[in-house]
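Can you look at this prediction? I've put the sequence above it.
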Amino acid sequence: MCQDSKLTLFAICFMAACAFGDPDGAHAQPASCLGAAADPPIAATYLDNYAGWHSVGKKAWLQTSGGSQLIFHVCSVNDGRRYLIAKNDDGNEFNPGKFSRFEWHGKGGLLFYCQQVFDAASASEAEDFARTPAADSSDANDKGCGATGKFPWSELILLRR
């Protein structure tokens, strides 16, 4: 099966699971991570500048890149401060069952994101800005992302809203 077909199949299966639920409860998430009341302002489908695919919605942030397929279940969204907290799916290759904080920043018609926290023990730890400060968006093309700010932010290129 070609890579495009795999990505399409993954997206269809995930959307069906979100719409109809998982009858076996294999990926049951805590009640606090069942999605936001409304779509985040960046809800859409994107490619990033590293050839990764993203689908962002009120229930989950899906990513595929380099053969990895990652699911992050949305716990909460803060539109004013431009971040969301998510629980990493138990089946994720990296940091399964941990919590992440995704931050975004728009400038000059471009949209960037940074997964500033990716391995917190709880949603409240992921959201603790005293523990892990917000990413620095002043030079999103070259640095500012990550605990030490040495990584560039990832650009999100809109495919479909």
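Noted; the coordinates are in hand.

So the residue most central in space within the chain versus residue 53, what's the distance?
If you average the C-alpha coordinates of the chain and look for the closest C-alpha using Cα atoms, centre = their mean, you land on residue 61, 4.1 Å from that point. Residue 61 sits at a distance of 11 Å from residue 53 (criterion: Cβ to Cβ, to the nearest Å). In this view, the C-beta of every residue, glycine as well, is placed from N, C-alpha and C.

thought residue 99 was touching residue 92?
No - under the criterion of Cβ atoms under 8 Å, residue 99 makes no contact with residue 92, lying 11.6 Å away.

So for these two, which residue has more residues nearby?
Each of residue 99 and residue 92 had its neighbours counted (other Cβ atoms under 10 Å), and the higher figure belongs to residue 99 (24 against 19).

for the more buried one, which residues make a bridge with it?
Taking DSSP bridges as the rule, residue 99 bridges to residue 87, residue 120.

Alpha carbons of the stretch of helix or strand the residue nearest to the centre of the chain belongs to, in PDB - could you do that?
Element membership of residue 61 [criterion: DSSP states H and E] is strand 60-65. What follows is strand 60-65 as a C-alpha-only set of coordinates in PDB (Å, rounded to 0.1, in the frame of the first residue of the first chain):
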ATOM      1  CA  ALA A  60      -7.600  15.400  18.900                       C
ATOM      2  CA  TRP A  61      -4.500  16.600  17.200                       C
ATOM      3  CA  LEU A  62      -3.300  13.900  14.800                       C
ATOM      4  CA  GLN A  63       0.200  13.700  13.300                       C
ATOM      5  CA  THR A  64       1.900  11.500  10.800                       C
ATOM      6  CA  SER A  65       5.600  11.900  10.000                       C
END
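
what packs against it?
helix 3-20, strand 53-56, strand 68-78, strand 83-88 (3 or more Cβ pairs under 8 Å, 6 or more residues apart in numbering; DSSP states H and E).
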